[in-house]
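A.B. asks: Build me a model:
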Amino acid sequence: MTPFKAPKKWLGALDAEVAARLLATAADVALVIDGRGVVRDVAFGSDDLAGALGGAAAWPGRPWTETVTVESRPKVESLLRESAAPAPSRWRQVNHPVPGVADVPVIYAAVDLQRDGRVIAVGRDLRAVAVLQQRLVDAQQAIERDYWRLRHAETRYRLLFQTAAEGVLVVDAASLKVVEANPAASRMLGEAARRLVGRVLPDALGAAEGRALEAMLAAARAAGRAEAIRIRGPGADADLAVSASLFRQDDASLFLVRLLPAAAVQAAALPEARARLLEVVEQAPDAVVVTDADGRVLSANRAFRDLAQLATDEQARGESLDRWLGRPGVDLSVLLSNLRQHGAVRLFATTLRGEVGATAEVEISAVAVQNAEQRCFGFSIRDVGRRLSPDPRAGRDLPRSVEQLTELVGRVALKDLVREATDLIERLCIEAALDLTGDNRASAAEMLGLSRQSLYVKLRRYGLGDLASDVDGG
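C.D. replies: All right, here's what the predicted structure looks like:
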């Protein structure tokens, strides 16, 4: 602290009221302490602090040490002792307890003004500083946790990198120099790891292999990933399959280059005939879907995506096949029950609904497959809408036979089937009556127990006879 040079000259005329206002304005809180350490008066320059110290109005008459926490009492006693010294007392932080909330931190300095034991203690609110300090501590702890998390992740990465049987190289995309190499890569390339790091990777191979590798890395740089190529490694007893992918780290582009014996890659690959079969299934005009034992889609080909009006395979994966079948909760249950009992279903007629409202008449054949310990079901779905007769309800035509009527089972509700059956029987009876009467409508109406007007209505309904001719049919 630097004191005034001439306080008596410029401040000597100050009275008690002015001094009190000065203290209340300059400090967040000011205390008047008597020679026994008892608070005699309190002034607040901050209403916010006065509200936070709700019990401060009861401080007068109580020892100052009783208004602070236990660990702050030695600091209050030191402030009172130091106030009598010629030099100003040091600022000390004390905490005032407030029931139900956190302690309120205040930093105090004490001055003995009258040399008779009375002390003025001025304080500054430290709550904002305490909040900042707590945020700093929380940030430091978060940084420490992240640091150790990164250390553990790096340790796991290093362990995996060093023990992997697959050769792995990290290569700078600009210079093609090896940044890191694991022991497996060193063995495959016939170089010690410390000698391999820093070398241009194509130079570690033969001329032809180096050019092929450069072309592959160029493709990876352009597309982000490149398919494996087969090269002859200088330190390998057999050909190597080399693939690469591009990634960025610290504003630098790097290649992750993988090395595997070509024989191992070939053994792991699907046989050519099986791969062709999968390609045929994907391109087939009939929809093919594979589900788990509960009917949830595992994979689907392009034809199913077209029928279901889906953009990608991911939109179907994990969804129940029941979502697209004609009768929710019925068709899939019937199919799954038959698959579990008989292992196969053939020509199950239903409809398939698209995501945006399109429907198609389909036939489903399905088979149960035991794949290792998991059972799955394969569904072949064929759109048969073009070969089916039009829906009778779309026009005035009715089914011509019982066989046509039974074809509607599964696609039409029962009440509609009963109505269709009634209409079919009625039409067949009218046709028989007209045949028996030689197309005499008056006699046919009498035979059927109908009035001629009712018969004409039904003839028009079913489109029977030439209604433009004589209405009596004579």
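A.B. asks: where are the low-confidence patches of this structure?
C.D. replies: 1-15, 24, 88, 114-116, 192-194, 233-238, 262-275, 371-373, 386-413, 465-474 (pLDDT under 70).
A.B. asks: What are the structural domain limits within it?
C.D. replies: With domains defined by automatic domain parsing, the chain comprises 7-125, 164-268, 272-383, 396-462.
A.B. asks: and residue 137, which of those is closest to it?
C.D. replies: domain 7-125 (14.3 Å; C-beta to C-beta). For every residue, glycine as well, the C-beta is placed using N, CA and C.
A.B. asks: quick one: the helices in the stretch 201-350 of the chain?
C.D. replies: Taking DSSP state H, counting those that start in this stretch to define them, one finds helices in the stretch 201-350 of the chain at 207-223, 262-268, 272-283, 302-307, 331-342.
A.B. asks: So for residue 108, which of those sits nearest?
C.D. replies: Here helix 207-223 is closest among these (C-beta to C-beta), at 66.8 Å.
A.B. asks: Return the list of helices and strands in contact with that closest one.
C.D. replies: strand 225-232, strand 239-249, strand 252-261 (3 or more C-beta pairs under 8 Å, 6 or more residues apart in numbering; DSSP states H and E).
A.B. asks: sorry, back to before: kindly reformat the domains of the chain as TSV containing distance to residue 152.
C.D. replies: Formatted as TSV, the domains of the chain follow (distance: least, C-beta to C-beta, whole Å):
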stretch	distance to residue 152
domain 7-125	34
domain 164-268	18
domain 272-383	33
domain 396-462	59
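A.B. asks: would you turn these into TSV with mean neighbour count and distance to residue 145?
C.D. replies: Shown next, in TSV, are the domains of the chain (neighbours: other C-beta atoms under 10 Å; distance: least, C-beta to C-beta, whole Å):
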stretch	mean neighbour count	distance to residue 145
domain 7-125	15	24
domain 164-268	16	22
domain 272-383	16	35
domain 396-462	15	61
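A.B. asks: got the angle between the strand ranked longest in the chain and helix 331-342?
C.D. replies: What stands out as the longest strand in the chain, according to DSSP state E, is strand 359-371. Here strand 359-371 points in a direction 30 degrees away from that of helix 331-342 (axes from the mean of the first three to the mean of the last three C-alpha atoms, to 10 degrees).
A.B. asks: residues in contact with stretch 249-263?
C.D. replies: 166-174, 179, 184-185, 188-189, 201, 217, 220-221, 228, 230, 233, 236, 238-248 (C-beta atoms under 8 Å, 6 or more residues apart in numbering).
A.B. asks: can we see that at 7 Å?
C.D. replies: 166-174, 179, 185, 188, 217, 220, 230, 238-247 (C-beta atoms under 7 Å, 6 or more residues apart in numbering).
A.B. asks: in the stretch 101-250 of the chain, which spans are strands?
C.D. replies: For the stretch 101-250 of the chain, the strands defined by DSSP state E, counting those that start in this stretch cover 104-112, 119-125, 167-172, 178-181, 225-232, 239-249.
A.B. asks: so residue 90 sits in a helix?
C.D. replies: No: read with DSSP: H, G, I helix; E, B strand; the rest coil, residue 90 is coil and lies in no helix.
A.B. asks: Now do the same contact list for the residue nearest to it when sequence neighbours are not counted.
C.D. replies: Distance criterion C-beta to C-beta, 6 or more residues apart in numbering; nearest residue to residue 90, sequence neighbours excluded, is residue 82 at 6.8 Å. Neighbour list for residue 82: 89, 90, 110 [criterion: C-beta under 7 Å, 6+ apart].
A.B. asks: Is residue 384 in contact with residue 361, as I believe?
C.D. replies: Yes: at 5.4 Å, residue 384 counts as touching residue 361 under the criterion of C-beta atoms under 7 Å.
A.B. asks: Which residues are in contact with residue 118?
C.D. replies: Here residue 118 is in contact with 32, 33, 34, 35 (C-beta under 7 Å, 6+ apart).
A.B. asks: Kindly report the same for residue 98.
C.D. replies: So residue 98 contacts 52, 53, 54, 104 (C-beta under 7 Å, 6+ apart).
A.B. asks: switch to 8 Å and redo it
C.D. replies: Residue 98 neighbours (C-beta under 8 Å, 6+ apart): 52, 53, 54, 55, 104.
A.B. asks: I'd like those residues written out as TSV, with secondary structure and distance to residue 40 added.
C.D. replies: Output for these, formatted as TSV (DSSP: H, G, I helix; E, B strand; the rest coil; distance: C-beta to C-beta, whole Å):
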residue	secondary structure	distance to residue 40
52	helix	22
53	coil	17
54	coil	20
55	coil	17
104	strand	21
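A.B. asks: got the phi/psi numbers for residue 286?
C.D. replies: Per-residue torsions, residue 286: phi -90, psi 140 (degrees, to the nearest 10).
A.B. asks: how about it, what does it touch?
C.D. replies: With C-beta under 8 Å, 6+ apart, residue 286 has these contacts: 303, 380, 381, 382, 383.
A.B. asks: And the furthest pair within the residues you listed?
C.D. replies: 380 and 383 (11.5 Å).
A.B. asks: for the helix ranked longest in the chain, the distance to its chain's centre please.
C.D. replies: If you go by DSSP state H, the chain has its longest helix at helix 127-163. Centre-to-centre, helix 127-163 and its host chain are 25 Å apart (C-alpha atoms, centre = their mean, to the nearest Å).
A.B. asks: again with stretch 339-347
C.D. replies: For stretch 339-347 - counting by C-alpha atoms, centre = their mean - the centre lies 37 Å from the chain centre.
A.B. asks: what's the span of it from first residue to last?
C.D. replies: 13 Å (C-alpha to C-alpha, to the nearest Å).
A.B. asks: contact partners of that stretch?
C.D. replies: In contact with stretch 339-347 (C-beta under 8 Å, 6+ apart) are residues 335, 338, 363, 364, 365, 366, 367, 368, 377.
A.B. asks: Check stretch 121-139 too.
C.D. replies: By C-beta under 8 Å, 6+ apart, stretch 121-139 touches 23, 26-31, 33, 46, 48-49, 52, 64, 79, 83, 93, 104-111.
A.B. asks: Could you give me the buried positions within that stretch?
C.D. replies: Neighbour counts over stretch 121-139 (16 or more other C-beta atoms under 10 Å) mark 121, 122, 123, 124, 125, 126, 127, 130 as buried.
A.B. asks: Make a markdown table out of those and add distance to residue 255.
C.D. replies: What follows is the buried residues of stretch 121-139, written out as a markdown table (distance: C-beta to C-beta, whole Å):
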| residue | distance to residue 255 |
| --- | --- |
| 121 | 69 |
| 122 | 67 |
| 123 | 64 |
| 124 | 59 |
| 125 | 58 |
| 126 | 55 |
| 127 | 54 |
| 130 | 51 |
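A.B. asks: returning to that earlier point: mind checking which of the strands of the stretch 101-250 of the chain is nearest residue 322?
C.D. replies: Using C-beta to C-beta, the strands of the stretch 101-250 of the chain put strand 225-232 closest to residue 322, at 37.1 Å.
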